[in-house]
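Enquirer: okay, sequence plus prediction incoming.
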6 protein chains.
Amino acid sequence: MRIKIINPNTTVSVTKLMADCARAVVAPGTEVVATSPECGPASIESHYDEMLSIPGLLEEVRQGEKIGCDGYVIGCFGDPGLQAARELACGPVIGIAEAAMHAASMLGTGFSVVTTLARTRGMAWHLAERYGMKRICRNVRAVNLPVLELEVDGTEVFDAILSECVKALAEDDAEVLVLGCAGMAGLAASIGRELGVPVVDGVTVAVKLVEALVANGLRTSKWSEYAQPLPKRYSGILSSYNLGTD
Amino acid sequence: MRIKIINPNTTVSVTKLMADCARAVVAPGTEVVATSPECGPASIESHYDEMLSIPGLLEEVRQGEKIGCDGYVIGCFGDPGLQAARELACGPVIGIAEAAMHAASMLGTGFSVVTTLARTRGMAWHLAERYGMKRICRNVRAVNLPVLELEVDGTEVFDAILSECVKALAEDDAEVLVLGCAGMAGLAASIGRELGVPVVDGVTVAVKLVEALVANGLRTSKWSEYAQPLPKRYSGILSSYNLGTD
Amino acid sequence: MRIKIINPNTTVSVTKLMADCARAVVAPGTEVVATSPECGPASIESHYDEMLSIPGLLEEVRQGEKIGCDGYVIGCFGDPGLQAARELACGPVIGIAEAAMHAASMLGTGFSVVTTLARTRGMAWHLAERYGMKRICRNVRAVNLPVLELEVDGTEVFDAILSECVKALAEDDAEVLVLGCAGMAGLAASIGRELGVPVVDGVTVAVKLVEALVANGLRTSKWSEYAQPLPKRYSGILSSYNLGTD
Amino acid sequence: MRIKIINPNTTVSVTKLMADCARAVVAPGTEVVATSPECGPASIESHYDEMLSIPGLLEEVRQGEKIGCDGYVIGCFGDPGLQAARELACGPVIGIAEAAMHAASMLGTGFSVVTTLARTRGMAWHLAERYGMKRICRNVRAVNLPVLELEVDGTEVFDAILSECVKALAEDDAEVLVLGCAGMAGLAASIGRELGVPVVDGVTVAVKLVEALVANGLRTSKWSEYAQPLPKRYSGILSSYNLGTD
Amino acid sequence: MRIKIINPNTTVSVTKLMADCARAVVAPGTEVVATSPECGPASIESHYDEMLSIPGLLEEVRQGEKIGCDGYVIGCFGDPGLQAARELACGPVIGIAEAAMHAASMLGTGFSVVTTLARTRGMAWHLAERYGMKRICRNVRAVNLPVLELEVDGTEVFDAILSECVKALAEDDAEVLVLGCAGMAGLAASIGRELGVPVVDGVTVAVKLVEALVANGLRTSKWSEYAQPLPKRYSGILSSYNLGTD
Amino acid sequence: MRIKIINPNTTVSVTKLMADCARAVVAPGTEVVATSPECGPASIESHYDEMLSIPGLLEEVRQGEKIGCDGYVIGCFGDPGLQAARELACGPVIGIAEAAMHAASMLGTGFSVVTTLARTRGMAWHLAERYGMKRICRNVRAVNLPVLELEVDGTEVFDAILSECVKALAEDDAEVLVLGCAGMAGLAASIGRELGVPVVDGVTVAVKLVEALVANGLRTSKWSEYAQPLPKRYSGILSSYNLGTD
């Protein structure tokens, strides 16, 4: 099966990181494709950025459908455009916040999220509510580092994240930790080893969940809300989004 | 004061309808500006349409800030891009679903929404949850007419909406009715007269709520989540969205 | 239009304060009437006081109906008798806690209330729940000053309130502040200037919300729960409350 | 021990009915006192009636304290003035809706309420929410008979109530039935025999719950919200409510 | 009437303690029977222990039915097997956590639980949710003493519990305290005296609640979920649990 | 990796069915072990049956740990003993109701469960609440067939289930269907084909979710609530459950 990871921001080094992490966990026979959109923001750190990442993301889903992708992962912890993507896709579409929160709920009785900037904490809380996970989300913590600084190698970033994780265990009643940014992919195992608790990276979990659903023959329901959108006139720089042209 | 109504779809007849309705209720001294974006869908009937209406909407807010608008109304019952718009705007930004639901909560103990297509019912429920109104939202009903057919003059559309309103009173325990589409602006008064209950049109209520907040000197909080987004690189057809260029 | 503000306690200096604040924000053509009841407590600082403020309040609504008031504001942060008042009134009736919380929800993602006595904090939480605002009410803080001390001029009261507001921003994840007592009317603007965040005074917001609803032709629904109460025998000191005598 | 049942309306035949039912279930050594207030409505069928029943009710609690009552039952399914009464009383105060709903929750996985007038259904739902019982309250049904018609002897009233009870079992997924009016006291046993399910009358259950709490030495907490109200000036027909005169 | 208290663990000294406390509060004519099961754990401090206490508990209910017990109390703060016991019993079955939380809700606006081990705090929270009490459960605190150490006489245990109770009043906004372990039966009165707030012991309250329900003629509903289980083949060490052999 | 499916009832034909279905979906290299306990009920159709299935289930987990199983599936839609099993297991443990509901939440905006007996509907609702899925669980429907009749071959059972599925789509606003019994494993694909919507079988999804978590290196958190239970005296027929003997 072919699973497409879409990094909704345009920073390709993060895209590559996600692809590498994903390929390390998929089953034999699962192909991982990873892309960034052609248009949109270099990183997603506000509602504004998130909303403007969605046109590029949706175009990537549309292209994915043309080459027969079996499922999709949205590689940003805000799960941008998840519902619109489900309208376009035949197979399953899973966001990395969604995947991480659901997985965390099966490993302990409560989790804390460690994310980048304080101003995005509300988005994580909103997703927790949307996925029915608010009751077990114990806290959303921010290391207050911009998304793109996560890429800088070295121990400083790692230590900042680790330090919030330690506090989450001590102060939040959390039993599981969730890394709240795609750019943290690759750190879960080492933090988990350090702390002796499960640390969930949404990217690799999401890929495996898509694999699980596809293996079960399960696809997005087209009954009602996620039915294919109707073709209609689109104007201006978005005129190509008219699905009637497919 | 100057209030800008942004119709997130590109159908200008609806924009004009909203402007006319709004001008009939504002106080002396309140100027109403109404626009449609240059890019995006002709109507909003899916998550896909909704997400793709947001870039154009945000551009309109950005332009509005340049000319000193005091507040904004988002004229689509899905309240697309509301939070991103709040990041951009200094003054208040109110969605018409938000306005209508809050107003309805002050007029009776429960309301039903009457909207256009069944597939958008879930969006209205989601907004009811987001605004804390799920507990008094008794039902979301659809007349199953496409958004743009509302524009067609004549009694057929009116009768279809009226008929669902009658059912809402009889079957839903609703005491107040909410019209769930900007294209229904202008029908509230006549349906209200017919049925003897309050019928809320989000457009005119939203305009008055913006007026109320501005008159109180209240603006969007820039403390934390709705702070101004940071400038950063934007690519492709969205490259002009880099706020560093303002 | 004519809006009646009813201060449910009998301290007329507070009534006058509310009227002055309200008159400063209403539109041209809106007349503000403000009264205190003839019977009841001098201040409201317990459930006992609150319940005993309601007979006087309801009499004021009844008199208001006789002279054709278009809407009402209940000027106490406990919103006493709100639902009973709605049964009596044709036009809208809005409580100042209700108004403040709804307004706050449109200006930020969370608010804290700063009220007078700690023992009344539970009432504010209950109202937050009733209005669907519990999920965004981050805290209810008390300055622990009796209601009538708010009237004493000078900086001490102001500083006590300001100090709790500062803590709310620093500790509660609040983005908006709500003043939780009618006697704090008039302080919102100066605290807002000091802190650079929206500070909501329920009195002036409530007056503008009534104005907004009336301008939209919206009145209290008489369908079901808020229908006019039936005339019946009333005994003792409340015998005049039999509506059959109107 | 001495338990005072306060019927918040002034119809003494209902007061007598409650006393008779209560005396049939109390333990040896428990004295039941039952009264109606001197002022207020003859029946409670609206928020207006409910609010105006509270001054008389609170006076009865105050008198009860003077003669050393150990606990109180508020004998109206709206539980009027419950929190204010708790401020006045040293011992426990329990409302009959509160008692009935809590008891029902221990006898089955869901209950339906059968009450008098449709317009009061919202009050029962609100109480269910307040007591944490909304999740197991399956429905609130109305027989649409005025409260005082319950007193009329004969099978018509009984049949109307029984008929709604039958529907509750068949349509609501209810396993327990709750009689939603003090005037239905005395019918629970016969309806229960007829239907073979538990039918809860709040009056007799409330009396036994007060007895249970008092036997455990448990009294109303005076820590914070239910502390004794402070003396203060009361005006007009309510001037005697100043607690400083006690 | 005859009420059976079942201590789900096999430590008979605790069983005796519960019986003594219960006998001190029941009405004349109420007989208290108290037992421990023949099989199962010596104390309940994990989900594992709790689940393995249930077979013995259910056997005790089955035996109780044979001798005509009128109602049951499950004497462990996890309320193990409550729903299964209700299927077996004709009369009411009440858990001590259930009883304590419901009683606490009638005595103040919020309560904190003080329990033994930190790892069982989640169970108390889960029960609070199940009983609709999560909204007024302010905290669940642990003294971090194993259950069986509560039996050791002396002031050390008492002081540890008292100390958490003091913190609950100071830090949690609690107005009522709930002792979260059957082994704490007998301490409620002295802690209550010390602190001047109601302290609820679930054992004695549960016995009185069973008494209250039975006095009202109320039994477990056999309509749907709590109907008697069907006889069927049971294997191995549990083969005697086939109800067809009764 | 080795995944153990534990059928908590003793009917081995169902165990074999689950194993067959699971083996059809696992990745190369995943070994599926499936067992029934030696003690307990032949089918699970009440709380009584469910509670008595748990000792046998826990023994199976304990044995699984001895042979190094990497994860577990609990093969009954009540997810019996899930939390206790997590205390015993190092790897992940997933219930089939849990797996099915989480998967369904990723495929549509709402699901209905179709289960066997009406009396077990409440259990499914309770699990939906526990997993945060109540808000998207649209209905729980029963075909009213005993569990063991599902095994009987032929179209009658299939038609009964299909018929409820059809109603769920037409009446419940469901977009996804969940089969609410392990004995329905194997029917999902054919019902899905018939109706054109995703139909989720918890058994095969749970196996894949365990696989996904294990592939990510994620194990049950031993921090706090799911820590290994302490050894202690166990009596009677359960004496071997003392973990000190391991």
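Expert: Yes, it's here.
Enquirer: helices of chain A, start to end?
Expert: A:12-23, A:47-66, A:82-88, A:96-105, A:121-130, A:155-171, A:188-195, A:202-215 (DSSP state H).
Enquirer: could you list which residues are in contact with residue A:78?
Expert: For residue A:78, the contact set (CB atoms under 8 Å, 6 or more residues apart in numbering or on different chains) comprises A:44, A:50, A:95, A:97, A:120, A:123-124, A:127. Every residue, glycine included, has its C-beta placed from N, CA and C.
Enquirer: burial check on residue A:231, number of neighbours?
Expert: Neighbours of residue A:231 under the rule other CB atoms under 10 Å in any protein chain shown: 11.
Enquirer: does it touch residue A:241 like I think?
Expert: No - shown here, residue A:231 and residue A:241 do not form a contact pair, counting by CB atoms under 8 Å, at 10.1 Å.
Enquirer: need the helices of chain A in a markdown table (columns: mean neighbour count).
Expert: Below are those laid out as a markdown table (neighbours: other CB atoms under 10 Å in any protein chain shown):
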| stretch | mean neighbour count |
| --- | --- |
| helix A:12-23 | 19 |
| helix A:47-66 | 24 |
| helix A:82-88 | 25 |
| helix A:96-105 | 28 |
| helix A:121-130 | 21 |
| helix A:155-171 | 16 |
| helix A:188-195 | 17 |
| helix A:202-215 | 29 |
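Enquirer: that older thread, out of the contacts of residue A:78, who's near chain E?
Expert: Among the contacts of residue A:78, no residue lies close to chain E (CB under 8 Å from any CB of the partner chain).
Enquirer: what about the residue nearest to residue A:19 when sequence neighbours are not counted, neighbour count?
Expert: Nearest non-adjacent residue to residue A:19, counting by CB to CB, 6 or more residues apart in numbering or on different chains: residue A:34, 3.6 Å away. The number of residues packed around residue A:34, counting by other CB under 10 Å, is 24.
Enquirer: could you report the neighbour count for the closest residue to residue A:54 other than its chain neighbours?
Expert: Using CB to CB, 6+ apart and skipping the chain neighbours, the partner closest in space to residue A:54 is residue A:81 (3.9 Å). Residue A:81 sits with 30 neighbouring residues when counted by other CB under 10 Å.
Enquirer: these two touch, right, residue A:81 and residue A:57?
Expert: Yes - counting by CB under 8 Å, residue A:57 is a contact partner of residue A:81 at 4.8 Å.
Enquirer: now the common contact residues for those two.
Expert: Contact criterion CB under 8 Å, 6+ apart; residues shared by residue A:81 and residue A:57: A:8, A:74.
Enquirer: quick one on the thing from earlier: indicate which one of the helices of chain A is closest to residue F:219.
Expert: With CB to CB, the closest approach to residue F:219 among those belongs to helix A:188-195: 9.1 Å.
Enquirer: pLDDT of that closest one, averaged?
Expert: Here helix A:188-195 scores 96 as its mean pLDDT.
Enquirer: do the same with stretch A:230-245
Expert: Computed over stretch A:230-245, the mean pLDDT rounds to 95.
Enquirer: how about stretch A:95-115?
Expert: What stretch A:95-115 shows for mean pLDDT is 98.
Enquirer: any idea how far that stretch is from the chain center?
Expert: Here stretch A:95-115 is found 12 Å from its chain centre; the criterion is CA atoms, centre = their mean, to the nearest Å.
Enquirer: briefly note if that stretch comes near chain F.
Expert: Yes - contact of stretch A:95-115 with chain F (CB under 8 Å from any CB) involves A:98, A:102-103, A:105-109.
Enquirer: and residue A:140, what are its bridge partners?
Expert: Taking DSSP bridges as the rule, residue A:140 bridges to residue A:113.
Enquirer: pLDDT value on it, please?
Expert: Looking at residue A:140, its pLDDT is 98.
Enquirer: and residue A:154, by the same measure?
Expert: So residue A:154 comes in at 69 (pLDDT).
Enquirer: check the one 3 residues further on too.
Expert: If you check residue A:157, the pLDDT there is 89.
Enquirer: tell me which residues touch it, please.
Expert: Taking CB under 8 Å, 6+ apart as the test, what residue A:157 contacts is A:143, A:145, A:149-150.
Enquirer: ok, 7 Å please
Expert: Residue A:157 sits next to A:145, A:149-150 when contact means CB atoms under 7 Å, 6 or more residues apart in numbering or on different chains.
Enquirer: got a quick ChimeraX command for the buried subset of these?
Expert: Here is the ChimeraX command that selects the buried residues among the contacts of residue A:157 (16 or more other CB atoms under 10 Å in any protein chain shown):
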select /A:145,150
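Enquirer: that older thread, got a markdown table for the residues of stretch A:95-115 next to chain F, with distance to residue B:166 too?
Expert: What follows is the residues of stretch A:95-115 next to chain F, written out as a markdown table (distance: CB to CB, whole Å):
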| residue | distance to residue B:166 |
| --- | --- |
| A:98 | 40 |
| A:102 | 42 |
| A:103 | 47 |
| A:105 | 43 |
| A:106 | 47 |
| A:107 | 51 |
| A:108 | 51 |
| A:109 | 48 |
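Enquirer: stretch A:174-187 near chain B at all?
Expert: No - with CB under 7 Å from any CB of the partner chain as the criterion, chain B is not reached by stretch A:174-187; the gap is at least 14.5 Å.
Enquirer: that stretch spans what distance, first to last residue?
Expert: End-to-end distance of stretch A:174-187 (CA to CA, to the nearest Å): 19 Å.
Enquirer: and for stretch A:219-237?
Expert: Stretch A:219-237 has an end-to-end distance of 31 Å (CA to CA).
Enquirer: what's the answer for stretch A:206-225, then?
Expert: 22 Å.
Enquirer: how far off centre is it?
Expert: Stretch A:206-225 sits 16 Å away from the centroid of its parent chain (CA atoms, centre = their mean).
Enquirer: ok, the spatially most central residue of chain A - contacts?
Expert: The structure's chain A has its C-alpha centroid closest to residue A:96; by CA atoms, centre = their mean the separation is 2.6 Å. By CB under 7 Å, 6+ apart, the contact list for residue A:96 reads A:73-77, A:182, A:202-203, A:206.
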